[in-house]
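Peer 1: Model the structure of this input:
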Amino acid sequence: MRQHYDDRIVALSARLVTPFIQLFALYVVFHGHYSPGGGFQGGAMLAASFLLIRLSIGTAAAQSQFRRSWGTPVSSIGSLVFLGTGLIVMFFGFNFLDYAGLPFGLPESELRNAGILAIELGVAVAVAATLTAIYDDLVGELMGPLAGGLDEATEVAEADQVEGPEWDAEPGDG
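Peer 2: Coordinates of the predicted model:
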């Protein structure tokens, strides 16, 4: 049997740790072209921070951080940033994702730096939104009334214990 309970320590710990996870995720994204890491890793860490809150306080209560309805639109925006960066340079006669063709009037090294940063941000946004949307879609179907938060989960779990199957029945009585 699955038991759901209200654990204030877990909820408080998750709320305290989440901003640091998000800050480190942004660090990984912004330094992805200088050091190991980048858009995918930073986006996965950002999604992990959203999921930590959803797991600790409930999906419905965590909607103020990243709404369930934002998953597909935000993921599309991230993908469009990636695609748009590649298509802009093609419009100016360069190869797809050849950042030297960006029309900003900067030196080539700075154009490449800005281009890879745009790509990393687009990937991070797309990955974070997609992973969060996958979780929301899976849990939304399975959890039903338990997605409301810790208090509702406790009430439903207690009701399951009271209304559960009769374990004292003899085999063959049914």
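
Peer 1: Need the residue closest to the centroid of the protein.
Peer 2: Ala47 (2.5 Å; Cα atoms, centre = their mean).

Peer 1: Give the closest residue to it in space, chain neighbours not counted.
Peer 2: Spatial nearest neighbour of Ala47, chain neighbours left out: Leu131 (3.7 Å); criterion: Cβ to Cβ, 6 or more residues apart in numbering. To be clear about C-beta, it is placed using only N, CA and C from the backbone, and glycine gets the same treatment.

Peer 1: Name the helix or strand of this structure that has the lowest mean pLDDT.
Peer 2: For the chain, using mean pLDDT, DSSP states H and E, the weakest element among its helices and strands is helix 150-163, scoring a mean of 51.

Peer 1: So which elements touch the helix or strand where the residue nearest to Ala47 lies?
Peer 2: Using DSSP states H and E, Leu131 sits in helix 108-143. For helix 108-143, the elements it packs on are helix 8-30, helix 39-57, helix 71-91, judged by 3 or more Cβ pairs under 8 Å, 6 or more residues apart in numbering; DSSP states H and E.

Peer 1: so that helix versus helix 8-30, what angle?
Peer 2: Between helix 108-143 and helix 8-30, the angle comes out at 150 degrees (axes from the mean of the first three to the mean of the last three Cα atoms, to 10 degrees).

Peer 1: low-scoring stretches of this structure, by residue?
Peer 2: Along the chain, segments meeting pLDDT under 70 span 1-5, 141-174.
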